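Participant: Need the 3D shape of this:
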Amino acid sequence: MNPRIISIKNIHDEAEGDLSIFEGSGHDLPFAIKRIYYIHHVPVGTVRGGHAHKQLTQLLWCPYGSITILLDDGTDKAEVKLDTPTKGLIVEHAMWREMRWEQEGSVLCVAASEFYDESDYIRDYAAFQAYVKQQARLP
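Facilitator: Sure, this is the predicted structure:
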């Protein structure tokens, strides 16, 4: 497994600070952005997520703090630490993900390819494994 990490464009000005930018629809992301949300005020050591999506693709980035993303494609596992605002992780559909907060005050931002749809979620790991096996058998 090779997690897809992108560099988020950054413009630095000594007097005015940094401006970080990414664009969807094929510019920087391989999808149009339909939803943005962020998760904050999470205690250090907390693990969130514990699910996969059937269709949704996401960009995850951490504008402040440090969060480790645990990925599992049903065969291989990987960890990616998001600890700089110029590093983004694209998480494709059919990828189990968990997020572990490593630093107090960390913020996880997510840009998603689809609107919220509860039926797109796979929240049980055994069901995820069965889904991945079924998808592998499809032509």
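Participant: any idea which helix or strand carries the spatially most central residue of the chain?
Facilitator: Nearest to the mean C-alpha position of the chain, counting by C-alpha atoms, centre = their mean, stands residue 60 at 3.5 Å. If you go by DSSP states H and E, residue 60 is part of strand 58-64.
Participant: quick one: strands adjacent to that strand?
Facilitator: Using DSSP bridges, strand 58-64 pairs in its sheet with strand 87-91 (antiparallel), strand 107-112 (antiparallel).
Participant: Now the shortest one - C-alpha only, CSV.
Facilitator: So the one you mean is strand 87-91. The C-alpha trace of strand 87-91 is given here as CSV (Å, rounded to 0.1, in the frame of the first residue of the first chain):
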residue,chain,number,x,y,z
LYS,A,87,0.7,17.8,3.9
GLY,A,88,-2.6,16.2,2.8
LEU,A,89,-3.6,12.6,2.5
ILE,A,90,-6.0,11.4,-0.1
VAL,A,91,-8.1,8.5,1.2
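Participant: Go ahead and name everything in contact with that strand.
Facilitator: Strand 87-91 is contacted by residues 3-8, 22, 29-30, 57-62, 69, 71, 80, 82, 97 when judged by C-beta atoms under 8 Å, 6 or more residues apart in numbering. Quick note: C-beta positions are derived from backbone N, CA and C, even for glycine.
Participant: Now for the residue nearest to the residue nearest to the centre of the chain when sequence neighbours are not counted, how many residues are close by?
Facilitator: Once flanking residues are discounted, residue 60 sits nearest to residue 89: 4.7 Å by C-beta to C-beta, 6 or more residues apart in numbering. Burial of residue 89 is recorded as 20 neighbouring residues (other C-beta atoms under 10 Å).
Participant: Dump the strands paired with strand 58-64 to TSV, plus mean pLDDT and distance to residue 118.
Facilitator: Putting the strands paired with strand 58-64 into TSV (pLDDT from 0 to 100; distance: least, C-beta to C-beta, whole Å) gives the following:
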stretch	mean pLDDT	distance to residue 118
strand 87-91	98	18
strand 107-112	98	14
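Participant: Quick one: closest of the ones you listed to residue 37.
Facilitator: strand 107-112 (5.5 Å; C-beta to C-beta).
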